[in-house]
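Student: Would you be able to build a 3D model of this:
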Amino acid sequence: MIKTRCSQNSKKQRKLRSIKRYWQYYRLRLLRLKEHPHKIARGFAAGVFAGCFPFIGLQFVMAIIFALLIRGNKFTAILGTWISNPFTSVPLFLFNFQVGKLVLSLFINNSDLHFNWDSFAEVKDLGTEIIVTLLFGSLLVGLCFSSIAYYLIIDLLKKRKNP
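Tutor: I've put the predicted structure just below:
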């Protein structure tokens with residue numbers, strides 16, 4: 001009994017250490033980039049913006065395109081897309097949907113935005129409204145999150161240069 005408890009604790013400790021090493025590795029890689037801090041931050045913000053959209057699989061492509069458009073770093077753009085990883089994608093997209101629904105209800109009668117999730121056929125019939133609401137919410141949340149990410153990365157990089 002004692003051995004299994006100790007082995008479980010050691011497995012948890014090893015797992016935590018590996019997660020910490022993973023994050024430390026990418027943090028150091030980010031800090032060691034030789035480009036201008038604003039270019040690095042623009043790339044990361046482009047990735048966060050792309051990561052807020054529900055296009056799983058296309059987020060990397062979107063991030064690189066956005067990074068090219070705003071002259072950001074492509075590596076940090078790819079890192080930024082991890083805002084919607086397998087653990088956060090469902091809560092993030094539900095949040096985006098709710099934000100879209102809240103903002104659109106200011107312009108559209110609120111009863112038109114009430115969705116009945118009981119039947120798949122009803123959801124399928126409302127597909128366009130659901131997609132537009134989700135994409136609009138994703139756009140707004142993406143703009144907010146990418147702005148925050150830009151300033152956080154700039155602050156992190158400035159602290160690195162001036163310890």
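Student: can you pull the contacts of the residue nearest to Thr133 when sequence neighbours are not counted?
Tutor: Of all residues not flanking Thr133 in the chain, Gly100 sits nearest, at 4.1 Å (Cβ to Cβ, 6 or more residues apart in numbering). (C-beta placed from N, C-alpha, C; glycine too.) Going by Cβ atoms under 8 Å, 6 or more residues apart in numbering, Gly100 touches 132-138, 140.
Student: Also Ala50?
Tutor: 59-60, 62-63, 66, 77, 80-81, 142.
Student: among those residues, which ones are buried?
Tutor: 59, 62-63, 66, 77, 80-81, 142 (16 or more other Cβ atoms under 10 Å).
Student: tell me the two of those residues that are most distant?
Tutor: Within these, Ala77 and Gly142 form the most distant pair, 13.0 Å apart (Cβ to Cβ).
Student: For Asp125, give me the pLDDT.
Tutor: As predicted, Asp125 sits at a pLDDT of 64.
Student: Now for the protein, the helix or strand with the poorest mean pLDDT.
Tutor: One helix or strand of the chain scores below all others by mean pLDDT, DSSP states H and E: helix 120-125, with a mean of 60.
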